[in-house]
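S.K.: have a look; sequence and predicted model below, questions after that.
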Amino acid sequence: MTNHWVDIRNANLILSMGGNSAEAHPVGFRWVTEAIEHNKAKLICIDPRYTRTCAVADYKAFIRTGTDITFLGGLIHYLITTDQVQHEYVLNYTDASLIVHDDYGFEDGIFTGYNPDKHTYDDKSSWMYKLGDDGFALRDESLKDPRCVYQLMREHYSRYDIDTVSSICGMPREHIEHIWAEIGKMAVPHKTMTMLYALGWTQHSIGSQIIRTAAMVQLLLGNMGMPGGGVNALRGHSNIQGLTDLGLLSQLLPGYMTLANAAEQDYPAYIKKRAKQPILEGEVSYWKNYEKFHVSLMKSWFGNAATEENNWCFDWLPKLSRPLYDVLDTFDRMYKGEINGYFCQGFNPLASFPNRQKVTEGLSKLKYLVVMDPLNTETSEFWKNYGEYNDVDSSQIQTEVIRLPTTCFAEDDGSIVNSARWLQWHWAAAPGPGEARPDTRIMGDLFIRIRELYRQEGGVFPDPILNLDWDYNIPEAPSSEELAQEYNGRALVDLTDDNGNVTRKAGELLSSFSEMTADGRTASGCWIFSGAWTQDGNQMARRDNSDPYGTGNTLGWAWAWPANRRVLYNRASADTQGRPWGKEKAFVWWSSEQGRWIGADVPDFPLTSEPSKGVSPFIMQTTGGGNFFAGQSMVDGPFPEHYEPYESPIDNNPLHPNNPLARNNPAGRIFDKDRADLGSREEFPHAATTYRLTEHFHYWTKHARLNAVVQPEQFVEISHQLAEEVGVVAGDWVKVSSNRGFIKAVAVVTKRLQPLRIGDRDVHHVGIPIHWGFTGVAKKGYLANALTPVVGDANTQTPEYKSFIVKVEKA
Ligand SMILES: Nc1nc2c(c(=O)[nH]1)N[C@H]1C(S)=C(S)[C@@H](COP(=O)(O)OP(=O)(O)OC[C@H]3O[C@@H](n4cnc5c(=O)[nH]c(N)nc54)[C@H](O)[C@@H]3O)O[C@H]1N2
Ligand SMILES: Nc1nc2c(c(=O)[nH]1)N[C@H]1C(S)=C(S)[C@@H](COP(=O)(O)OP(=O)(O)OC[C@H]3O[C@@H](n4cnc5c(=O)[nH]c(N)nc54)[C@H](O)[C@@H]3O)O[C@H]1N2
Ligand SMILES: [Mo]
């Protein structure tokens, strides 16, 4: 979230799109209810289905899955042509006025630099601003230059007129007009819209670009950095925000730093590329501090072994020799028989990963599989025959499965990072049962044993293992307190200011990442968490909910990264002079009497940095502004464009009907086998999507009787019209098939789904809840992921679980 849960109550309009917030985030949804009750806010919900969120919305509209860029791109076109834009904000706080490189272009669905053989944009050199001789970007503050970002954006979305949007999204014109008009009303200083999204936006081959389009809308409306504004990802697992923060994705290091690839063996070049300098004079470009965070990380990992002479052990870090080592890649290699052993920690891929058949074949080729989980999962029993629910021949599977029972979060102390970036400390409610051990205990124990083997037997590359700093009280069981302090970071020697005064004694905890240095004097395991556990104690355990400005910003409750800031880019809530845009939305502002920034949040800038210095609010960006033009940061284009899902119920991309290369995301992630496994719309005519129910949490709660009682049996949702077409009535069993497999479930025939008019045909949607499987105490069911395709978003590799095609028959 750019903003936070409680802040939703400050919104005047709430767009819940690409997520079913009432169903999947029922507790956080209370802030939507508060906004409606106390702030007279309106709620708009856009979903392929009528959901529990729709049930309490002021306006709702159906949309065909995978077409949100079209809707939002059309909205951009509408806002610009009707001049419902916050001009002062756009001019001063975005890249709208910057001139784009002469060679940048877009033709029939493809941006410059595409390599059709490799399905990638391998030359992104034109995806940038045009720089002057001084190295700074050229700009046209009149926004009239045809090559400025604003004009290129206007032109790009001029194709997204309302009729085109209506026929691609399957949404009647009147619905679109009404919703766009409501949103347009937010283009004033005293009103904000918040956007709430989750998987309905992320689980598409164009997922990241949908979210970018949303951010562009919010910039046009001047809603970023504002209370009640922002683009807010309602995250899934309770600590999934913490997972990305700590860099658990294959290409990341903690704090959103990135691993080098194989070509980047040179340390100074590695740093230079990431320590981005501002491209407008005087801007902050905070990533320019990258080296301080990187060196502090290496000191935290390798202690005294990390020295300036050995580039702080840069050579010990893995370098990516494949584009990515993501889960899609891992399971593809497993399927090809290239992997011997797999460690599955808190992950149930047989149930949760796409194309269950491919996963089964992959797991069957392993020599061993280790499952660390509190529950008995489908994955750990993939080899066992459960009749129609897991129809495998056990005698043909040689994989040795080892189960290591873990405790679950309620049995551990530690911090959980919520969607709002708050680190909240929690305390174990009870010890784990039986032989269950905390994950840290199992991993610690394993590490000690592996290190011992390296000590005794050597190995190909023992240095990083033998030199890893492992200074815990009980080496086999690092405690949550020790780990949290390690992430926060310490001074390794006395730190001094320019006058030689000691500002931080050796061994003390750092107060923030601003104390970090690039010369090995500080250590920190995750720079963005610095400040969470300081000399003043555990900030995450704070429980002071006072709210002096009545904005819901409780700075004394837990701790938020970065720097306890609750709303990112909050400098944008004030105009260039530091005055609130509107008194209703006053948030942080410049006080000339006090000579500093004051207000409800921790400002983006040093407290005494004067507004007249002209530094822009988006301090992580090289431009200092919010970027309409993504430059080279996306792999599939600087402006979002609509492409059809890889499995689509229509034949071509209506925006580029004659260019097969632009039917689907030209840079989407797909392997050969999975391309071959895609179905045709002649055979599988219906759009399908998968989703959650409040009564279950993924595949865990079918182990609990109460949940099994309230939502007892697997079902799929279809419209009355589709039921009639296939000859079923409510309660009949249906077989739903894709080109990869099938499931059988009870048909719920409902008005909650309606056929949508796409071009000249009606497209049906089939709604498939995901929660059933063959372990636990609930009735057994088919795994929904028997159906789904292995296609990844071009930027994040998130599978396209939300848009694929099926056929429905009476079972
Ligand atoms: N009770 C419960 N709560 C949960 C979970 C759970 O299992 N049970 N899981 C948690 C996790 S890990 C996550 S990630 C979150 C997920 O939270 P959500 O994303 O809100 O949950 P989903 O039900 O997967 O999908 C949301 C909606 O997206 C819609 N949708 C599908 N395709 C599209 C599209 O193309 N455009 C639009 N606009 N909408 C579309 C679906 O119809 C569905 O209503 O929930 C979390 N909360
Ligand atoms: N078709 C379709 N598939 C989907 C989705 C969809 O919308 N549609 N959603 C996707 C999403 S968003 C998600 S997040 C994934 C979820 O996919 P998974 O993460 O694979 O599924 P879960 O069942 O949430 O969690 C896996 C396991 O973690 C275990 N666990 C709980 N606490 C602990 C702990 O403290 N330690 C350890 N070691 N284990 C623990 C649980 O018992 C559970 O078995 O599913 C994805 N799959
Ligand atoms: Mo999730």
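M.R.: Perfect, thanks for sending it. Ligands and ions are numbered 1, 2, ... in the order given.
S.K.: only C-alpha atoms from now on, for both contacts and neighbour counts.
M.R.: Fine.
S.K.: quick one, what contacts residue 2?
M.R.: If you count contacts by CA atoms under 8 Å, 6 or more residues apart in numbering, residue 2 has them with 224, 225, 230, 231, 232, 420, 567, 568.
S.K.: and the furthest pair within these?
M.R.: Largest separation among the contacts of residue 2 by CA to CA: 224 and 420, giving 15.0 Å.
S.K.: for the stretch 51-200 of the chain, what spans make up the strands?
M.R.: Taking DSSP state E, counting those that start in this stretch, the strands of the stretch 51-200 of the chain run over residues 59-62, 106-107, 110-111, 114-115, 120-121, 193-197.
S.K.: which of these sits closest to residue 687?
M.R.: Here strand 59-62 is closest among these (CA to CA), at 13.3 Å.
S.K.: what's the closest one packed up against?
M.R.: Strand 59-62 sits against strand 42-47, with contacts defined as 3 or more CA pairs under 8 Å, 6 or more residues apart in numbering; DSSP states H and E.
S.K.: who are the packing partners of the strand it packs on?
M.R.: Of the remaining helices and strands, those touching strand 42-47 by 3+ CA pairs under 8 Å, 6+ apart are strand 13-17, strand 59-62.
S.K.: select, out of these, the one closest to residue 170.
M.R.: strand 59-62 (7.6 Å).
S.K.: just to revisit the earlier point, more neighbours: which of residue 224 and residue 420?
M.R.: residue 224 (33 against 22; other CA atoms under 10 Å).
S.K.: how about the nearest residue to that one, chain neighbours excluded?
M.R.: Counting by CA to CA, 6 or more residues apart in numbering, residue 224 lies nearest to residue 230, which is 4.8 Å off, once chain neighbours are set aside.
S.K.: cool, and residue 585?
M.R.: residue 190 (5.9 Å).
S.K.: distance of the one you found relative to ligand 1?
M.R.: Separation of residue 190 from ligand 1 (CA to the nearest ligand atom, to the nearest Å): 27 Å.
S.K.: quick one on the thing from earlier: go through the contacts of residue 2 and say which is closest to residue 69.
M.R.: residue 231 (14.9 Å).
S.K.: for this protein, which residues are neighbours of ligand 2?
M.R.: Proximity of the chain to ligand 2, by CA under 6 Å from any ligand atom, involves residues 236-237, 345-349, 352-353, 372-375, 377, 406-409, 439, 690-691, 698-700, 770, 784-785, 801.
S.K.: among those, name the ones that also lie close to ligand 1.
M.R.: Applying CA under 6 Å from any ligand atom to those, one finds that 236, 237, 691, 698 fall near ligand 1.
S.K.: buried ones among the residues you listed?
M.R.: 691, 698 (16 or more other CA atoms under 10 Å).
S.K.: report the two of the ones next to ligand 1 among the residues of the chain next to ligand 2 separated the most.
M.R.: 237 and 691 (14.6 Å).
S.K.: emit the PyMOL select command for whichever of the residues of the chain next to ligand 2 are buried.
M.R.: Those of the residues of the chain next to ligand 2 that count as buried under 16+ other CA under 10 Å are selected in PyMOL with:
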select buried, resi 348+349+352+353+372+373+374+375+377+406+407+408+409+439+690+691+698+699+700+770+784+785+801
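S.K.: inside helices: which ones of the residues of the chain next to ligand 2?
M.R.: 349, 352, 439 (DSSP state H).
S.K.: ok so, going back, could I get the strands of the stretch 51-200 of the chain in JSON lines, plus columns for distance to residue 391, mean neighbour count and mean pLDDT?
M.R.: Output for the strands of the stretch 51-200 of the chain, formatted as JSON lines (distance: least, CA to CA, whole Å; neighbours: other CA atoms under 10 Å; pLDDT from 0 to 100):
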{"stretch": "strand 59-62", "distance to residue 391": "37", "mean neighbour count": "20", "mean pLDDT": "98"}
{"stretch": "strand 106-107", "distance to residue 391": "49", "mean neighbour count": "10", "mean pLDDT": "98"}
{"stretch": "strand 110-111", "distance to residue 391": "44", "mean neighbour count": "20", "mean pLDDT": "98"}
{"stretch": "strand 114-115", "distance to residue 391": "42", "mean neighbour count": "16", "mean pLDDT": "98"}
{"stretch": "strand 120-121", "distance to residue 391": "38", "mean neighbour count": "19", "mean pLDDT": "97"}
{"stretch": "strand 193-197", "distance to residue 391": "37", "mean neighbour count": "27", "mean pLDDT": "98"}
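S.K.: ligand 1 is nearest to which of the ones you listed?
M.R.: strand 193-197 (6.7 Å; CA to the nearest ligand atom).
S.K.: hang on, the earlier thing: ok, and the most crowded of the contacts of residue 2?
M.R.: residue 224 (33 neighbours).
S.K.: quick one, what contacts that residue?
M.R.: Residue 224 sits in contact with 2, 218, 230, 231, 569, 570, 572, 573, where contact means CA under 8 Å, 6+ apart.
S.K.: of those residues, which is the nearest to ligand 2?
M.R.: residue 231 (18.1 Å).
S.K.: list phi and psi for that closest one.
M.R.: phi -120, psi 110 (degrees, to the nearest 10).
S.K.: sounds good, over and out.
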